[in-house]
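Asks: sequence first, then the predicted structure:
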Amino acid sequence: MSERALAGYDVLQIATQLTASADGMTEGELHTLAYLGCLLSVYDGHEASWWGYRFTATRAGAPFGYALSQALDLARDAGLLAQGDSTWSISARGRTELEQLTPLVLNNRRLPYLAAAGGAALAMPLPSLASALSWEPGLRRALNFVLTRELLDETGLSLVLEQFEALGDALAGDTAGIDLMVPAVVWLTYLARVRPGEREAA
């Protein structure tokens with residue numbers, strides 16, 4: 001399945017979650033939750049490339065997926081999204097499309113990570129979630145050096161894996177039967193309070 005097809009599914013899935021819980025999604029929120037979903041797949045043992053498309057860090061220290069941006073434009077043009085004042089919500093046509101896409105194996109296997117990212121957005125306000133995620137090591141490095149750079153490169157991946165290993169140790173025995181939303185919220189709360197990027201980027 002192509003990058004664009006995977007990203008197109010992510011657009012509709014995230015739009016559905018944020019339409020149900022809020023007034024839709026902004027483009028920034030789309031990229032933030034998709035990147036969090038990708039990170040959760042890494043936490044769950046997958047290679048970063050497993051996600052199917054890449055992210056870069058903007059100069060503002062936010063994640064951006066080019067394939068995701070293209071997929072958003074295509075979904076809008078196809079009438080799969082409805083536009084609000086500054087947000088996008090899923091349309092009836094988009095819901096029908098999502099129902100057809102979800103059973104596909106390559107989409108269905110990423111659903112737990114997107115659902116956990118959406119659950120984290122219910123557990124904490126989206127602006128707080130985005131602010132916390134900006135302390136993810138790769139995003140913090142880009143912000144410190146005012147660079148647009150690919151995320152989850154060798155250095156960035158090693159730093160985030162160190163955090164995930166500590167997170168897994170801290171939660172060992174406490175997560176049986178629950179989804180990935182719990183480690184997502186615990187990790188984001190850690191990032192917001194401890195701000196490890198200040199130390200790691202020094």
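Replies: Received it, and whenever you're ready, just let me know what you need.

Asks: contacts, neighbours, all on C-alpha from now
Replies: Fine.

Asks: and the pLDDT for R193?
Replies: Predicted confidence (pLDDT) for R193: 87.

Asks: just the CA atoms of the helix or strand where it lies, as CSV, please.
Replies: Secondary structure from DSSP states H and E places R193 in helix 181-194. Extracted in CSV, the C-alpha atoms of helix 181-194 (Å, rounded to 0.1, in the frame of the first residue of the first chain):
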residue,chain,number,x,y,z
MET,A,181,-3.4,5.2,25.8
VAL,A,182,-2.0,4.7,29.3
PRO,A,183,1.7,4.7,28.3
ALA,A,184,1.0,7.6,25.9
VAL,A,185,-0.5,9.8,28.6
VAL,A,186,2.2,8.8,31.1
TRP,A,187,5.0,9.6,28.7
LEU,A,188,3.4,12.9,27.6
THR,A,189,2.9,14.0,31.2
TYR,A,190,6.6,13.1,31.8
LEU,A,191,7.7,15.2,28.9
ALA,A,192,5.6,18.2,30.0
ARG,A,193,6.9,18.1,33.6
VAL,A,194,10.5,17.0,33.2
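
Asks: can you list contacts of that helix?
Replies: Residues from elsewhere that reach helix 181-194, judged by Cα atoms under 8 Å, 6 or more residues apart in numbering: 40, 115-117, 119-120, 123-124, 129, 131-133, 135-136, 167-168, 171, 175.

Asks: now do stretch 16-32
Replies: Contacting residues not belonging to stretch 16-32 are listed as 11, 14-15, 62-65, 68-69, 84, 86-90, 95, 115, 118, 122, 126, 130, 133 [Cα under 8 Å, 6+ apart].

Asks: okay, and which of those map to helices?
Replies: V11, I14, A15, L68, S69, R95, A115, G118, L122, L126, A130, L133 (DSSP state H).

Asks: that concludes my questions; thank you for your assistance.
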